[in-house]
Every structure is written in C-alpha cells, then in structure tokens.
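Novice: the sequence and its predicted three-dimensional model are supplied below.
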Amino acid sequence: MGGRLPLTVLGAGYLGITHAACMASLGFDVLGVDTDQGRVDRLNAGNLPIYEPGLGEVLRAGRVAGRLRFTTSYREVAAFGDVHFICTGTPQRPGGNQADLSQVHACVATLAPLLGRPCLVVGKSTVPVGTARGLAAQLGDACPGAELAWNPEFLREGTAVADTLSPDRIVAGVTSGSAERMLRRVYARPLACGASFLVTSLETAELAKAAANAFLATKISFINAMAEVCEAAGGDVRALADILGADPRIGPAFLRAGLGYGGGCLPKDVRAFVARAEELGCGASLAFLREVDAINLRRRARTADLALELAGGDLTGVPVCVLGAAFKPGSDDVRDSPALDVAQILAGMGALVTVYDPAALGNARRARPDLGYAPTLADAARGAHVVLLLTEWPEFAALTPGGLGGLVARRTLIDARNVLDPGAWRGAGWDYRALGVAGGAEPARRPAGAVCMPGDRLADRGDGVAAGGGA
Ligand code: UGA
C-alpha cells in the first residue's frame, strides 16, 4: 500500500462528491463511483449536480489535474483503490424512524467480492451503532485482506469544502494499528494544520456522529423551548440567547431561535438514534430526544398559527408570501425543510401561497409541486397580505421596511428566523411578529384537515397537525 495511495469514493451524493473532490485537491488519485450514469457523466464533465459554494471549482481543478474521475463500475473501483470510502446515503426509512441502510449494504455487498488485494474500507456514512461491526465481518469473509474502519463525517452543507479540508477533528474508529496509520496518511494535511485525531472503536466512532447531531438538535430545541416560554411570559428569546451564549460553558453556536432545524441530517439522525437505542434496550436514555423532535416540529405549527391569526382567523384566499424554501441559507436542499412545511400548512388552510428562494426553487417545485412559486422576491411579495421570512438568506435579512412595503398589500410580517430589526419594521408601520418574543397572540385554532405532510415523525405533536417528513 505504498506509493501514491489511490482512493475511491463509493456514492456520488453530497458527501461523496465533496469527499472525492477534496481528496483530489489534497493530491490523491481519486476514483468515485455511482450507479447513476447521468450523474457520473455530469461529474466527469466538471458539472456539479448539487448546490455547494466552492465545490464546483474544486471538482473542476481535480478533473483538470487528472486526479479525479467518476465511474459506474465497481470492478474498476476494486482494482483501483487502496482505500475505499463509503459515502452512500442513509435516509429515514419510509414509514419508520430507523435509518434505511440499503445503499450502504448494497455498496459493500457489491464491492467486497471484487476486492482482490489488501485494502482499507472506510465508512463515512451516518449509520446506527453496530452497523460497522457487521460490515467488517462481511468484508473479512469476502476478502481476508480487506479491513474496515469508521470515520464519520461532520461537514455542513454550505461550508462542505472548508469543513472537509480543515476539519476540527478526525475520528478514526479502527480495529488495528495499520488502519490507524493508513488514516493518518490520508489525513496528513489536515492533521498538520492542527486537526485533532481521535482513535477509538468502531462503535464509539459511529456513536460520535449520532451524538454530535443529537446534541446540536438538542441545543436548537432548547432555545426554541425557551422561545415558547418567552412568548408565554413576555420575554425576548434573542436577548436570552445572547445572555446564555456569553457564558463560555454554553457558547453562542446553535442558539439561534426560530423555525427550528431541518435538512437531510439532524431530523432523521435524531429519530434513527432513538430507534436504535430502543432496539438496544436503552430507549429511556434517549427518550428526551423525542421531546427535542416535538419542540422542533411545534415551531412550524406555531408559525402557521401566527399567520392565521394575523389574517384575522381565516386564510382562505389570502395572498401569502413565503420567503425561503431551503432548509437553511447557502443550500438548495429542501429535505425536511421547515420553510416548505410551513408553506404547505398555510396552503392547506386555504392561503394563496407564493414561495421565493434564491437557490432552492427547482428542488422545492419538484418536492411540493402544488405550491405557488415566483422567480423573484418582488414577484412573490407583490400584493401579499402576510409575508413570512422562513429561511434567513442574506438577501432577506437585508430587506428594508420601505422596500418591501412598496410591494405588499398589507404590512404584516412574520420573521420566523429572528433576523430583522423589530424596531425599524414596527416604526415603519409594519405589524412585525417574531418567534420567541411577546406580542404574538394565543395559538389560533387551525381548521381541521390543514395537514402539511403525512411524513413520518417521532413525536406526535398532540395538536392534530402532522409536520415533518423528508422531501
Ligand atoms: C449538520 C451538522 O451541523 C453537521 O456537523 C453534520 O455533518 C451534518 O448535519 C450531517 O449529519 O451530515 P447541516 O445539516 O448541513 O449539518 O446543517 P446545520 O448547519 O447543522 O443546520 C441544521 C439546521 O439547524 C438548519 O435547518 C438550521 O437552520 C438550523 N439551525 C441551526 C437553527 O435553527 N438554529 C441554530 O442556531 C443553528
């Protein structure tokens, strides 16, 4: 396993493309594999099938340098690589809370019998604890020289390139010194730049990812629970978050109160973690994560309630402008997007919803074709009776009361991400509402049948309205 150390990346999704391109930029020869021929052709032509700032340039640089290629052939991959990274998706299982591991299993089952020489297979996908041990046995049976390690990925959408090239920490779940040495070699550059290298068991490595995402979700739901209390008691959650965040033991990150978390990771990882704990007989240990999920989903219902109240208790035929479709700014990902869920609930209440998003309109249209969409912010806002800011894109945070006021029919705004200056908007005659500050009325009663999605959810919100579910 000396020389140039050829790497392969199994799965050309978000994680796989980023990992492949970044490894090529670190100087490795990289071959990526995906079963989708169209995607492979697109990547080989230097075109990104996803939206991720900076990744297109890294992909094209790797192609130009001759260090990065994609194929559909696992045979080619098996012959090429000394280290194979599993980067396939693990979405929420339809109809359940567990992770769907079919892609991970399919990729190992396809690769293992083709492996003809000693190599290291490295899992990066987010999997339930215990998965790696099973895959290691499967791999060892098929090819005695092949070994498994687990190396979870902590990258965030929107900053995926920087997170991959300059990670805070690298977790190496290994069963031998040689696997550890190989991973140190792969990550020599980030390690030289100060990343910490944490060597552990396969199980702890799998748990590290699940626990990290569960903790981040808990922090967001904690501040959103405080938002609920602030709404009831007359507090201001923004000020509260500033005060909490100033304590270095707590820290300000992930204390932005608002519409809550979404995306292809946090919601499904929290649910899968609870499901796995139940399988292991320690469900009580993670029971609090059900409440984390419930708080998160309640924010969506609360936002829709507020719109209903601002429309005078009836949204039938009311023009509503929804700003944001992506689950967070800097992304075109609409999986389990809080913004789209709220838009769907409002449409279910009879509102004439028009959604605008700077990057996610195409994906939103595909996921929720029944909603109305506009190509520009102005088109979405023109004539609106209620405006909801649901994803904190910079162009929304930069809106001015006068500018938006010139477009809408009524100056009514819900700032569900707490990014605007309440004083400025109220001063300009807007009925400005935010989540987590006093001033919103009691939760209004939604009409029966105002259901947004039949999506699977861990917690029943107890209010008869379904929310959540991946798009
Ligand atoms: C998350 C984790 O942050 C990554 O470390 C992890 O690798 C990734 O999941 C994954 O499992 O692959 P990501 O889903 O890209 O990354 O997005 P985050 O930046 O974590 O945001 C998640 C959600 O929380 C977004 O909807 C965001 O709007 C929301 N959020 C975040 C808040 O509502 N408040 C906050 O204070 C922070």
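Specialist: Done, it's in.
Novice: let's verify Leu413: helix, strand, or coil?
Specialist: Local secondary structure at Leu413 is given as strand here, using DSSP: H, G, I helix; E, B strand; the rest coil.
Novice: now the helices for the stretch 151-300 of the chain?
Specialist: In order along the chain, the stretch 151-300 of the chain carries the following helices (DSSP state H, counting those that start in this stretch): 160-165, 177-186, 188-192, 202-233, 237-245, 266-279, 288-310.
Novice: which one of these lies closest to Val122?
Specialist: helix 177-186 (7.1 Å; Cβ to Cβ). Using the backbone N, CA and C atoms, a C-beta is placed for each residue, glycine as well.
Novice: next, the buried residues of that closest one.
Specialist: Residues of helix 177-186 classed as buried: 179-180, 182-183, 186 (neighbour count, 16 or more other Cβ atoms under 10 Å).
Novice: now Ile50: how far from the ligand?
Specialist: Ile50 sits 12 Å away from the ligand, going by Cβ to the nearest ligand atom, to the nearest Å.
Novice: contacts only, for that residue.
Specialist: Counting by Cβ atoms under 8 Å, 6 or more residues apart in numbering, Ile50 makes contact with 13-14, 17, 332.
Novice: the residues you listed, buried ones only, as a ChimeraX selection?
Specialist: Buried residues among the contacts of Ile50 (16+ other Cβ under 10 Å), as a ChimeraX selection:
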select :13,14,17,332
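Novice: so which of the contacts of Ile50 are in helices?
Specialist: 14, 17 (DSSP state H).
Novice: closest to the ligand out of the contacts of Ile50?
Specialist: When the contacts of Ile50 are ranked by distance to the ligand (Cβ to the nearest ligand atom), Tyr14 comes first, at 7.7 Å.
Novice: what's the closest non-adjacent residue to the closest one?
Specialist: Ile50 (5.9 Å; Cβ to Cβ, 6 or more residues apart in numbering).
Novice: distance of that neighbour relative to Ala61?
Specialist: 17 Å (Cβ to Cβ, to the nearest Å).
Novice: repeat that for Pro369.
Specialist: For Pro369, the distance to Ala61 - Cβ to Cβ - is 37 Å.
Novice: if you count what's nearby, which of those two comes out ahead?
Specialist: Under the neighbour definition other Cβ atoms under 10 Å, Pro369 and Ala61 were set side by side, and Ala61 has more, 15 against 8.
Novice: so what's the nearest residue to Ser285 once chain neighbours are set aside up against?
Specialist: Spatial nearest neighbour of Ser285, excluding adjacent residues (Cβ to Cβ, 6+ apart): Ala277 at 5.8 Å. The neighbourhood of Ala277, defined by Cβ under 8 Å, 6+ apart, consists of 283, 285-286.
Novice: was I right about Ala195 contacting Ser166?
Specialist: Yes. Using Cβ atoms under 8 Å as the test, Ala195 is close enough to Ser166 to be in contact (7.2 Å).
Novice: more neighbours, the two?
Specialist: Neighbour totals were compared for Ala195 and Ser166, and Ala195 leads with 16 against 13 (other Cβ under 10 Å).
Novice: the nearest residue to Ala416 once chain neighbours are set aside: neighbour count?
Specialist: Among residues not flanking Ala416 along the chain, Leu259 sits closest, at 4.4 Å (Cβ to Cβ, 6+ apart). Leu259 has 29 neighbouring residues, counting by other Cβ under 10 Å.
Novice: so what's Leu259 up against?
Specialist: Residues in contact with Leu259, defined by Cβ under 8 Å, 6+ apart, are 299-300, 303, 338-339, 342, 390, 416-417, 435.
Novice: ramachandran angles for the residue in the stretch 1-150 of the chain positioned nearest to the ligand?
Specialist: Closest to the ligand within the stretch 1-150 of the chain is Thr126: 5.6 Å, counting by Cβ to the nearest ligand atom. The phi/psi pair for Thr126 (degrees, to the nearest 10) reads phi -80, psi 120.
Novice: and the nearest residue to Gly54 once chain neighbours are set aside, what's its pLDDT?
Specialist: Spatially, and ignoring its direct neighbours in sequence, Gly54 is nearest to Val161 (4.6 Å; Cβ to Cβ, 6+ apart). Predicted confidence (pLDDT) for Val161: 97.
Novice: how about the residues of the chain that lie near the ligand?
Specialist: Residues of the chain lying close to the ligand (Cβ under 6 Å from any ligand atom) are 126, 153-157, 213, 216, 220, 254-256, 258, 260-263, 265-266, 269, 327-328.
Novice: buried subset of those as a PyMOL selection?
Specialist: In PyMOL, a selection of the buried entries from those looks like this (16+ other Cβ under 10 Å):
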select buried, resi 126+153+154+155+157+213+216+220+254+255+256+258+260+261+262+263+265+266+269+327+328
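Novice: by proximity to the ligand, which residue of the stretch 301-450 of the chain wins?
Specialist: In the stretch 301-450 of the chain, the residue that lies nearest the ligand is Lys328 (3.8 Å; Cβ to the nearest ligand atom).
Novice: hmm, back to that, adding distance to Ala380 and pLDDT, write the contacts of Ile50 out as a markdown table.
Specialist: What follows is those, written out as a markdown table (distance: Cβ to Cβ, whole Å; pLDDT from 0 to 100):
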| residue | distance to Ala380 | pLDDT |
| --- | --- | --- |
| Gly13 | 30 | 94 |
| Tyr14 | 27 | 93 |
| Ile17 | 31 | 98 |
| Asp332 | 17 | 93 |
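Novice: just give me the closest of the contacts of Ile50 to Leu399.
Specialist: Checking the contacts of Ile50 against Leu399 by Cβ to Cβ gives Asp332 as the nearest, at 20.7 Å.
Novice: show the pLDDT at the residue nearest to Ala416.
Specialist: Model confidence at Leu259, given as pLDDT, is 98.
Novice: for Ser432, which residues count as its bridge partners?
Specialist: No, residue 432 isn't Ser; it's Tyr. Leu413 (DSSP bridges).
Novice: surely it touches Trp425?
Specialist: Yes. Tyr432 lies in contact with Trp425 (Cβ under 8 Å); the separation is 4.0 Å.
Novice: overlap in contacts, these two.
Specialist: When contacts are counted by Cβ under 8 Å, 6+ apart, Tyr432 and Trp425 have 413, 415 as shared neighbours.
Novice: next, give phi and psi for Leu114.
Specialist: Torsion angles at Leu114 (phi, psi; degrees, to the nearest 10) stand at phi -90, psi -10.
Novice: wait, it sits on Ala78?
Specialist: Yes. Leu114 lies in contact with Ala78 (Cβ under 8 Å); the separation is 3.6 Å.
Novice: for the stretch 1-150 of the chain, what spans make up the helices?
Specialist: Here the stretch 1-150 of the chain has its helices, by DSSP H, counting those that start in this stretch, at 14-25, 37-44, 55-64, 74-80, 102-111, 131-142.
Novice: contacts for the third one?
Specialist: Read that as helix 55-64. Helix 55-64 has contacts (Cβ under 8 Å, 6+ apart) with 17-18, 20-22, 24-25, 30, 43-44, 46-48, 68-69, 160-161.
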